[in-house]
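# Sequence first, then the predicted structure:
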Amino acid sequence: MGANNGQGKPGKPYIVTVGLLGYFAKKEDLVGDEGEQAGVAPTETKKVTSKHIRIAADEIDERGEVFVDHEEKPIKLTLGDDRLPYGLWKSIEHMRKGEKSRIMIKPAWGYNSDKNRDVVFFPRGWQEGARKEALMKRRVFFEVVLHDWITRHDILGNGLLVKTLLEKGRGFDRPAAADHVKLNMKMYQKEKVFVEKTEFSTPVSALSQTI
C-alpha cells in the first residue's frame, strides 16, 4: 500500500523504509590538528593542509564503533522529522529505490545542528555522557539502503494538512470545487471510526457539511 514503482526520489514528508547502520571512523585512521576550523573535533580531520580544510572527509579505511544498527531489520523514517539528524534525511532525499549509499555527516548537520539540537533523537545507549558528546562533536557515517517509500504531500506546507497516497489514481484530471464527486470515505483516529460512507455523491465544496 502506497509503495512507489521505483521511479523518482522520495521527498519531505514521505515515509521511507530503510536499512540503516550508523558508525564512527576508526580512531587510529584519523590524524590532524586543524579540525576545529572545519567544524569538527581535531582528531576528525585527515590530510589537512592550510589551503584545503575540507579534504575528503568521507574517506575511511575501516568502520569504528557502531551507534545504531538497523541493517537486518529495516525501519520507517519520516523525511523532514526534526528528531532525525538533518543531514541524514536530506541525503535520503537524493536516493533512489534499491540504492545503497554511505553518508558522511559533520556535527553541524548531524547531532549538533542549530536546526534541531534540542529535539534530535539520540540512539539508545547514547543519550548522555561521553557517548552523547561524541555524537555531537564527531563526524558520523550512515550506510543506508532505501527499500521503499510512501508518498505524502504537505498540502499547506506547515504539517497541518498531509495527504498520504495509498493507491495511485488514473489520468491527470482533478475535481474542482463546483464538481460533484463519488467517494468512499472513512474518518478515523487510531482505532476509533467517526464517519464511514461508501459510494456517496456530493459537490466538492459541500464536503465539510457532509462530514
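Sure, I can see it. Residues are numbered from 1 along each chain as shown.

# now what about the lengthiest strand in the chain, what contacts it?
In the chain, with assignment by DSSP state E, the single longest strand is strand 63-78. Residues outside strand 63-78 that contact it (C-beta atoms under 8 Å, 6 or more residues apart in numbering) are 13-27, 29, 84, 89, 92, 123, 125-126, 131, 135, 140-141, 143, 145, 147. From N, CA and C alone the C-beta is placed, and that goes for glycine too.

# Of those residues, which belong to helices?
Trp89, Ile92, Arg131, Leu135 (DSSP state H).

# Please list only the buried members of the residues you listed.
Taking 16 or more other C-beta atoms under 10 Å as the criterion, what is buried in those is Trp89, Ile92, Leu135.

# thought the second one was touching Leu79?
Yes: the pair Ile92 and Leu79 passes the contact test of C-beta atoms under 8 Å, sitting 6.3 Å apart.

# what residues are shared contacts of the two?
Pro10, Val16.

# where in the protein is pLDDT low?
Applying pLDDT under 70 to the chain flags the ranges 1-7, 28-59, 211.

# how does it look with 80?
Within the chain, the stretches with pLDDT under 80 are 1-8, 27-61, 208-211.

# Could you chop it up by domain?
15-152, 178-211 (automatic domain parsing).

# ok, back up a step: could you export the longest strand of the chain as CSV, CA atoms only?
C-alpha atoms of strand 63-78 as CSV (Å, rounded to 0.1, in the frame of the first residue of the first chain):
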residue,chain,number,x,y,z
ARG,A,63,34.5,1.2,10.4
GLY,A,64,34.8,2.3,14.0
GLU,A,65,32.2,2.0,16.8
VAL,A,66,28.6,1.4,15.7
PHE,A,67,26.0,3.5,17.4
VAL,A,68,22.9,2.4,15.5
ASP,A,69,22.2,-0.8,13.6
HIS,A,70,19.0,-1.5,11.6
GLU,A,71,20.7,-3.3,8.6
GLU,A,72,18.8,-6.6,9.1
LYS,A,73,15.5,-5.1,10.3
PRO,A,74,14.7,-2.0,8.2
ILE,A,75,12.9,0.9,9.9
LYS,A,76,10.5,3.6,8.7
LEU,A,77,11.5,7.2,8.9
THR,A,78,9.7,10.4,8.0
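
# Would you mind listing the buried residues in that strand?
Quick answer for strand 63-78 (16+ other C-beta under 10 Å): Gly64, Phe67, Val68, His70, Pro74, Leu77, Thr78.

# do the same with stretch 152-167
Buried-residue list, stretch 152-167, by 16+ other C-beta under 10 Å: Arg152.

# Also stretch 18-25?
Buried-residue list, stretch 18-25, by 16+ other C-beta under 10 Å: Val18, Gly19, Leu20, Leu21, Gly22, Tyr23, Phe24, Ala25.

# how close does the fifth one sit to Asn116?
As for Gly22, its distance to Asn116 is 16 Å (criterion: C-beta to C-beta, to the nearest Å).

# With the last one instead?
Between Ala25 and Asn116 the distance is 24 Å, computed by C-beta to C-beta.

# same deal with the third one?
Taking C-beta to C-beta as the criterion, Leu20 is separated from Asn116 by 18 Å.

# what does the first one give?
Shown here: Val18 relative to Asn116, a distance of 19 Å by C-beta to C-beta.

# Then Leu156?
21 Å.
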